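Trainee: with the input below, show me the fold.
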Amino acid sequence: MPSVGAHQRACAVAALFVALRLASSNPGDPYGSTIWAAPVDLYGRANDICMDACSESFLLYQTLESWTRKDVPDFVFKLADGEYCSTEGVAVKAGVHYGDAAKKEVAASLLDHDGFAGVPEAMLAYVRIRFPLLGCTKVRYGALQRYVVNAGPSSDRAHQLPDTIFRFNIDNVHRIGTWRSGVWYDAIADLGTGTGLLDARLANLDRTTANILLSTDRLARLIPIDHGFSLPSWQALDDIQFCWASWSQARVPFSRSTKAYVAGLDPMSDVGVLQDLDIDNSSILTYLLCSVAVKHIVSQRGSTLAAIAAFMTRPCRTCQSQMEVAINASVWTSGFMPRALRDPPRIRIPSLRVEALLSEFQRYLNTNVNAPVAHTSIAV
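Mentor: Model (predicted):
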């Protein structure tokens with residue numbers, strides 16, 4: 001049971017996000033409802049830096065009192081200009097642009113409709129970081145994300161979570177019990193499903209057990225973080241990685257409620273959200289293609305997360321994935337020209353050319369992807 005102080009802090013954090021959203025609703029703001037021009041005053045320590053994220057991140061506190069007491073942080077702030085890179089100004093992953101990690105983090109939060117995957121709330125903001133110990137302040141820009149209390153990454157607990165305890169149920173909430181140290185622990189397996197479906201919709205290039213956190217409650221919920229390497233260009237889908245592809249719950253058919261959730265998704269209505277974040281057109285097309293593929297596969301009888309992973313990931317480095325094959329075939333039959341997304345830079349999406357490509361892609365799926373997908377070796 002959370003203490004009164006913890007509850008008050010949680011309410012204050014929620015109120016700040018509401019204030020950010022209201023203050024940034026100015027129609028003249030080129031980024032829509034994502035940026036607040038006035039810096040937010042938060043407190044931090046120079047050594048409170050998260051090194052596991054894909055960009056330089058700070059743990060911040062909303063009040064000086066909570067900073068002084070060294071309470072649980074209120075926010076994780078990921079700097080837009082602090083993204084790690086292979087060389088100066090070049091992103092670590094192919095298909096993503098250096099400096100876009102903060103925008104992608106916010107996009108993942110906004111596209112996680114109804115909190116199905118459990119992505120922590122995030123917004124782009126200017127933050128005035130106050131460092132009381134150093135007696136200085138810095139105004140930085142990036143993704144301000146709600147800090148979620150956790151028991152660490154799932155990779156740290158893998159040895160405590162044997163494969164046999166993960167079991168799906170046909171219902172939305174799947175409770176799994178395992179006897180550990182004399183205590184029964186429950187888990188909601190469908191939250192793992194939510195993480196997998198979001199990764200597939202975003203074509204996440206870096207989903208590992210290190211960036212899936214475990215909650216501290218007895219439900220052992222999964223908390224997906226670090227989406228900076230998602231939404232790559234639709235022409236660079238060769239490095240998609242899903243750590244959950246080998247999990248036992250990935251091999252169990254989707255529940256009815258999960259199917260209903262996916263059926264209710266409208267990717268076209270999300271295009272405006274991505275454009276407000278200034279996401280590249282090639283990444284927006286990736287989202288549309290992946291969403292169409294996910295909706296199609298989930299709608300099939302007996303479909304599973306493993307089927308989605310098999311469709312979207314390469315069986316080896318030299319073999320195209322079924323997703324790549326489907327896209328290439330659709331580009332050919334629809335006559336789609338990749339330069340259509342670059343000239344002009346802000347082409348209207350959806351456009352007739354994009355809609356023609358999506359229509360051909362859907363027709364390819366209807367013809368060729370009507371059963372659980374297995375890997376095939378198609379040389380690049």
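
Trainee: sketch out the low-pLDDT regions of the stretch 251-380 of the chain for me.
Mentor: 340-350, 371-380 (pLDDT under 70).

Trainee: hmm, try it at 50
Mentor: For the stretch 251-380 of the chain, residues meeting the criterion pLDDT under 50 lie at 343, 374-380.

Trainee: where exactly do the helices run in it?
Mentor: 256-263, 271-276, 281-299, 305-312, 322-334, 352-368 (DSSP state H, counting those that start in this stretch).

Trainee: ok, which of those helices comes nearest residue 128?
Mentor: helix 271-276 (23.9 Å; Cβ to Cβ). Just so you know, the C-beta spots here come from the backbone N, C-alpha and C atoms, and that holds for glycine as well.

Trainee: what would the helices of the stretch 251-380 of the chain look like in JSON lines with mean neighbour count and distance to residue 247?
Mentor: Listed next are the helices of the stretch 251-380 of the chain as JSON lines, based on neighbours: other Cβ atoms under 10 Å; distance: least, Cβ to Cβ, whole Å:
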{"stretch": "helix 256-263", "mean neighbour count": "16", "distance to residue 247": "15"}
{"stretch": "helix 271-276", "mean neighbour count": "18", "distance to residue 247": "29"}
{"stretch": "helix 281-299", "mean neighbour count": "23", "distance to residue 247": "17"}
{"stretch": "helix 305-312", "mean neighbour count": "24", "distance to residue 247": "8"}
{"stretch": "helix 322-334", "mean neighbour count": "19", "distance to residue 247": "20"}
{"stretch": "helix 352-368", "mean neighbour count": "17", "distance to residue 247": "25"}
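
Trainee: in TSV: those helices, plus distance to residue 131.
Mentor: TSV is the format used below for the helices of the stretch 251-380 of the chain (distance: least, Cβ to Cβ, whole Å):
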stretch	distance to residue 131
helix 256-263	43
helix 271-276	32
helix 281-299	35
helix 305-312	43
helix 322-334	46
helix 352-368	47
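
Trainee: wait, which of those helices is closest to residue 77?
Mentor: Using Cβ to Cβ, the nearest of those to residue 77 is helix 271-276, at 20.5 Å.

Trainee: and the closest one, what does it pack against?
Mentor: Counting contacts by 3 or more Cβ pairs under 8 Å, 6 or more residues apart in numbering; DSSP states H and E, helix 271-276 packs against helix 101-111, helix 281-299.

Trainee: what's downstream of the shortest one, the next helix or strand?
Mentor: Yep, that's helix 101-111 we're talking about. strand 122-131 (DSSP states H and E).

Trainee: low-scoring stretches of the stretch 51-200 of the chain, by residue?
Mentor: Within the stretch 51-200 of the chain, the stretches with pLDDT under 50 are 86, 158-191.

Trainee: just the strands in it please.
Mentor: 55-61, 75-83, 85-87, 90-91, 122-131, 136-146, 178-180, 183-185 (DSSP state E, counting those that start in this stretch).

Trainee: pipe the helices and strands packed on helix 271-276 into a markdown table and attach distance to residue 330 per row.
Mentor: Formatted as a markdown table, the helices and strands packed on helix 271-276 follow (distance: least, Cβ to Cβ, whole Å):
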| stretch | distance to residue 330 |
| --- | --- |
| helix 101-111 | 23 |
| helix 281-299 | 8 |
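
Trainee: how about the nearest residue to residue 328, chain neighbours excluded?
Mentor: Leaving aside its sequence neighbours, residue 328 sits nearest to residue 320 (Cβ to Cβ, 6 or more residues apart in numbering; 7.7 Å).
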